[in-house]
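Student: Next come a sequence and a model predicted from it.
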Amino acid sequence: MIDKTLIEAQNAARRADLEADYDALGARLARRGIDIEALTARASGFGVAVPSWGTGTGGTRFARFPGPGEPRGIMDKLDDCGVIHALTAATPTVSLHIPWDRTDPALLREKAEEVGLGFDAMNSNTFQDQPGQAHSYKFGSLSHTDPAVRAQAVEHNLECIQIGQAIGSTALTVWIGDGSNFPGQTSLSRQFDRYMEAMGRVYAGLPDDWRLFSEHKIYEPAFYSTVVQDWGTSLMIAQELGPKAQCLVDLGHHAPNVNIEMIVSRLIRAGKLGGFHFNDSKYGDDDLDSGTIDPFRLFLVWNELVELEDTPGLNLSHMIDQSHNVTDPIESLIVSATEIQRAFVQASLVDRTALEGYRAENDALMAAATLRAGFRTDVEPILQMARLRAGAAIDPVATYRASGWRAKMAETRPAVAAGGGGIV
């Protein structure tokens, strides 16, 4: 883990500037009738889960270029995730992916406690074949024409639930790559029927206090048709399965120019929004660092969430889901966590009373200006103060680099050879 004395020393060099910036921002916000301490409290209470697989270097369909000190397995991944939380105080949980992270649940609990983390939603994997697997998922998993393949996929998801129960998770995220690449390759209707029957068996295996998240994706690897291709299909699934089934929204899984914040609003109204996979994109499912391409869209999503946060029954699971191809994954996850937290705080700044007044008067210009006032406010001192009070780093990336963590890990973790395509 990162030495606490290093964090304290790094903070000591920056504390005076932070206090001056915080006081100045507090005075400006006070003129708008906003209590900076209330916003800092909201920032302090914020948390987003880190994906275990995100700590390794990602890749494209063409190549993967691993960096030094890559995690060798889930214990190394948890060490890296612990570093991220120690520096940001914003990533208290980890989301595991099975079978990539399969190990003794008792050891997982022990390691998580050691690094100060808990566990978020479990993630199943039926989009890849694994060593020793009896049946291939080349032509589908939960929607496959062969009942034996579907049964194998169901059993895998049930295993994920069992592991999750043992480590304290209370949700399962199911994403499949099932679909077709050619017209006529499959019956679009019967394929979906097979999927629903198999998902029904997974749903029946949920403990009483668990939720099942249906994750949609418009394309890849099924480029002609995808079984769960958009939020409408995901909503159908959640409604048909039952009250413990909800929809998971990945910010990169939509058609170009789709209004994601409207989707968020609709799913909340339906009582079926379960959570998010945060990332950013330029062209499609790019899995870029959150807030690097379109921070205003991230803000607009959070604007809907803050506006509707008191909706009865709303209980959202927030997780980062990214592929770090050319950066240090720890640094990217640090930046993403703070950018997601930033958008949350900015959305919390919006003057809801004024906004509703402009909406009632159909004053489009001033309504938009009210949102921009929140988005344009530099809330960095609030985020920094929340970290300082939690014992984390005022400047997480600078402190991480000063720690030499990556170089130290490169000395103990064997180098990974570059290879062909693949996300991790």
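Tutor: It's in.
Student: any idea where the helices of the stretch 151-300 of the chain begin and end?
Tutor: 188-204, 231-241, 260-269, 295-307 (DSSP state H, counting those that start in this stretch).
Student: So, low pLDDT: which residues of this structure?
Tutor: 417-424 (pLDDT under 70).
Student: hmm, 90 instead?
Tutor: Residue ranges of the chain with pLDDT under 90: 1, 59-64, 66, 256, 414-424.
Student: Need the outlier residue of it, farthest from its centre.
Tutor: Glu361 (37.2 Å; Cα atoms, centre = their mean).
Student: what about that one, distance to Ile334?
Tutor: Going from Glu361 to Ile334 by Cβ to Cβ, to the nearest Å gives 43 Å. Bear in mind the C-beta positions are built from the backbone N, C-alpha and C, glycine included.
Student: Spit out the contact partners of Gly313.
Tutor: Gly271 (Cβ atoms under 8 Å, 6 or more residues apart in numbering).
Student: which phi and psi does it have?
Tutor: The phi/psi pair for Gly313 (degrees, to the nearest 10) reads phi 80, psi -10.
Student: Repeat that for the one 5 residues further on.
Tutor: Backbone geometry at His318, expressed as degrees, to the nearest 10, gives phi -110, psi 130.
Student: Tell me how far it lies from Ser290.
Tutor: Distance from His318 to Ser290, by Cβ to Cβ: 11 Å.
Student: now Pro71
Tutor: 21 Å.
Student: Same question for Ser143.
Tutor: Counting by Cβ to Cβ - Ser143 and Ser290 are separated by 31 Å.
Student: what about the strands in the stretch 201-350 of the chain?
Tutor: 211-215, 225-226, 245-250, 273-278, 317-320 (DSSP state E, counting those that start in this stretch).
Student: just so I know, which of these lies nearest Thr93?
Tutor: strand 317-320 (8.3 Å; Cβ to Cβ).
Student: list the helices and strands the closest one packs on?
Tutor: strand 50-51, strand 273-278, helix 329-348 (3 or more Cβ pairs under 8 Å, 6 or more residues apart in numbering; DSSP states H and E).
Student: immediately after the shortest one, which helix or strand?
Tutor: Once strand 50-51 ends, the next helix or strand along the chain (criterion: DSSP states H and E) is helix 74-88.
Student: So which bits of that following helix are buried?
Tutor: 74-88 (16 or more other Cβ atoms under 10 Å).
Student: related to what we said a few turns ago, out of His318 and Ser290, which sits in the more crowded spot?
Tutor: Neighbours were counted for His318 and for Ser290 using other Cβ atoms under 10 Å; Ser290 has more, 29 against 20.
Student: Compute the distance between that one and Gln322, please.
Tutor: 7 Å.
Student: again, but for Ala121
Tutor: 16 Å.
Student: Next: Pro207.
Tutor: Pro207 is 29 Å from Gln322, by Cβ to Cβ.
Student: Just want to know which of these two has more residues nearby.
Tutor: With neighbours defined as other Cβ under 10 Å, Pro207 and Gln322 compare such that Gln322 has more, 26 against 12.
Student: contacting residues for the more buried one?
Tutor: Pro51, Gly54, Gly58, Asn279, Asp287, Leu288, Asp289, Ser290, Ser332, Leu333, Ser336.
Student: what about 10 Å?
Tutor: For Gln322, the contact set (Cβ atoms under 10 Å, 6 or more residues apart in numbering) comprises 50-51, 53-54, 58, 252, 277-280, 286-290, 292, 329, 332-333, 336.
Student: One more: Gln246?
Tutor: 171, 211-214, 234-235, 237-238, 267, 270-275, 315-317.
Student: rewinding a little: between His318 and Ser290, which contacts overlap?
Tutor: Val48, His277, Phe278, Ala337, Ile340, Gln341.
Student: Now flag whichever of these is closest to Ile167.
Tutor: Closest to Ile167, out of all of the shared contacts of His318 and Ser290 and judged by Cβ to Cβ, is Val48, at 18.7 Å.
Student: can you pull the contacts of the closest one?
Tutor: Contacts of Val48 (Cβ under 10 Å, 6+ apart): 88, 90-93, 95, 120, 276, 278, 290, 317-320, 333, 336-338, 340-341, 344.
Student: quick one: contacts for the closest residue to Val249 other than its chain neighbours?
Tutor: Once flanking residues are discounted, Val249 sits nearest to Phe276: 5.3 Å by Cβ to Cβ, 6 or more residues apart in numbering. Phe276 makes contacts with 48-49, 213, 248-251, 260, 264, 301-302, 305, 316-321, 340, as judged by Cβ under 10 Å, 6+ apart.
Student: Could you tell me which of those count as buried?
Tutor: Buried among these by 16+ other Cβ under 10 Å: 48-49, 213, 248-251, 260, 264, 301-302, 305, 317-321, 340.
Student: Please give the centre-to-centre distance between stretch 256-271 and its chain.
Tutor: Relative to its parent chain, stretch 256-271 has a centroid offset of 17 Å by Cα atoms, centre = their mean, to the nearest Å.
Student: Was I right to think Asp285 contacts Pro221?
Tutor: No - here Asp285 does not reach Pro221: they are 11.0 Å apart, not a contact under Cβ atoms under 10 Å.
Student: higher neighbour count, these two?
Tutor: The neighbour count for Asp285 versus Pro221, taken as other Cβ under 10 Å, is higher for Asp285 (18 against 13).
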